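A.B. asks: 3D, please:
(one chain, ligands or ions: 1)
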Amino acid sequence: MPKTERWQWYVEESAPTEQHHHAIERVYFSGRSPFQQIAVVETPVYGKMLILDGDTQSSQGDERIYHEALVHPAMAAADDRAEVLILGGGEGATLREVLRHPGVARATMVDIDGMVIDLSKQYLPEWSAGAFDDPRARTIVGDALAFMREDRDRYGVVISDLTEPLEDSPSNPLFNDDVFRLIKARLTDGGVYVLQASTAAFHNASLHAKMARTLRRHYAHVASFFTHVPAFDTDWAFLACSDRVDVAGLTDAAVDAYCAQLRGENFFYDAETHRRLFALPRYLRRMLTATGETF
Ligand code: SAM
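C.D. replies: Sure thing, here's the model as predicted:
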């Protein structure tokens, strides 16, 4: 029997003509919520994985790369970390990373899909590692856009850990000029907004560049950064935005001092990793500074 026939496969399309095949050892859940198709599976290489609408959201093997990259550069740069707002972030790993900083008085996470949160608690408890039960955590099941329209609080850090803004995704309405303005209104003066911002793969970074161009209309500093996430089989990009601080320019000493304040040990992020995250290859720098589409 050929090797491939021994397995069932989860096939992720990174583009209509590009695929990554993950062998499936076990399916914990497969079904639909009112918002999206959800699967929780186990693969031999990456362990458990959360898949939404056919896209890998995170894997047990490397989720700390993604979540530490998303959370810590922004938190290190912020001078006010008491109130943190997370848009999306259903698995609870972004919440976990935020709460590792003792200066956080309250972390509010707003995810539209209670089923993703419940399935994550049931099958992926390693991701939240108790964060949902931390007295500083406030978990709200609801649309992040509706929440921000009602909410009057201000946050030193806003972290967007939403699904890709594809046409039929519930995150799609959160990527436009009006919403970027609304997010800025929820930040304290000089606060930091960081978002997962699609792939930085050389052939496919146009959505990332579009986000960066749009956000430059709103912030004095918009720093693009990326890291390879093996389970995504691509370079994953983020944008860190602020009127006060250029997150890319944090010194080694500032990153070291911040990391020393965190509870527990980092897997991925430190001063050397910070420099690597923000050192962009020429093709990406050129894409980011070229004129082009905006939201
Ligand atoms: N790491 C991820 C990726 O690669 O795209 C993002 C992780 S997280 C699971 C994405 C979360 O965004 C999901 O739990 C989804 O329910 C949530 N989400 C999507 N649209 C939303 C909205 N309008 N308001 C709040 N949460 C939303």
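
A.B. asks: Would you mind naming what in the stretch 1-150 of the chain lies close to the ligand?
C.D. replies: Contact residues (CB under 6 Å from any ligand atom) of the stretch 1-150 of the chain with the ligand: 57-58, 66, 87-91, 110-113, 116, 143-145. Every C-beta, even on glycine, is put in place using the N, C-alpha and C of the backbone.

A.B. asks: Recalculate using a threshold of 5 Å.
C.D. replies: Counting by CB under 5 Å from any ligand atom, the positions of the stretch 1-150 of the chain adjacent to the ligand are 57, 88, 90, 111, 112, 113, 116, 143, 144.

A.B. asks: contacting residues for residue 76?
C.D. replies: In this structure, residue 76 makes contact with 247, 250, 254, 255, 258, 259, 274, judged by CB atoms under 8 Å, 6 or more residues apart in numbering.

A.B. asks: The second one: neighbour count?
C.D. replies: Close neighbours of residue 250, defined as other CB atoms under 10 Å, add up to 20.

A.B. asks: wait, it sits on residue 273?
C.D. replies: No - using CB atoms under 8 Å, residue 250 is not in contact with residue 273, being 11.6 Å away.

A.B. asks: picking that back up, what would the contacts of residue 76 look like in CSV with distance to residue 43, secondary structure and pLDDT?
C.D. replies: Formatted as CSV, the contacts of residue 76 follow (distance: CB to CB, whole Å; DSSP: H, G, I helix; E, B strand; the rest coil; pLDDT from 0 to 100):
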residue, distance to residue 43, secondary structure, pLDDT
247, 33, helix, 98
250, 35, coil, 98
254, 37, helix, 98
255, 33, helix, 98
258, 33, helix, 98
259, 31, helix, 98
274, 30, helix, 98
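
A.B. asks: just checking, which of the residues of the stretch 1-150 of the chain next to the ligand belong to helices?
C.D. replies: Counting by DSSP state H, those place 116, 144 in helices.

A.B. asks: May I ask which of the residues of the stretch 1-150 of the chain next to the ligand has the most neighbours?
C.D. replies: residue 90 leads those on contacts (other CB under 10 Å) with 33 neighbours.

A.B. asks: in terms of contact, does that one touch residue 113 like I think?
C.D. replies: Yes - using CB under 8 Å, residue 90 makes contact with residue 113 at a distance of 6.1 Å.

A.B. asks: Going by residue numbers, what spans are strands in the stretch 101-250 of the chain?
C.D. replies: Secondary structure of the stretch 101-250 of the chain by DSSP state E, counting those that start in this stretch: the strands cover 106-111, 137-141, 155-161, 187-199, 221-229, 234-242.

A.B. asks: Mind putting those into CSV with mean pLDDT and distance to residue 70?
C.D. replies: Output for the strands of the stretch 101-250 of the chain, formatted as CSV (pLDDT from 0 to 100; distance: least, CB to CB, whole Å):
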stretch, mean pLDDT, distance to residue 70
strand 106-111, 98, 13
strand 137-141, 98, 17
strand 155-161, 98, 6
strand 187-199, 96, 6
strand 221-229, 98, 10
strand 234-242, 98, 6
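
A.B. asks: what about the ones you listed, which gets the closest to residue 37?
C.D. replies: strand 106-111 (16.1 Å; CB to CB).

A.B. asks: what pairs with the closest one, and is each one parallel or antiparallel?
C.D. replies: strand 83-88 (parallel), strand 137-141 (parallel) (DSSP bridges).

A.B. asks: Tell me which of these is the most buried.
C.D. replies: Stretch with highest mean neighbour count among these: strand 83-88 (a mean of 26; mean count of other CB atoms under 10 Å).

A.B. asks: same question for that strand, mean pLDDT?
C.D. replies: Mean pLDDT, computed over strand 83-88, is 98.

A.B. asks: Could you tell me the angle between that strand and strand 187-199?
C.D. replies: Using axes from the mean of the first three to the mean of the last three CA atoms, to 10 degrees, the inter-axis angle of strand 83-88 relative to strand 187-199 is 30 degrees.
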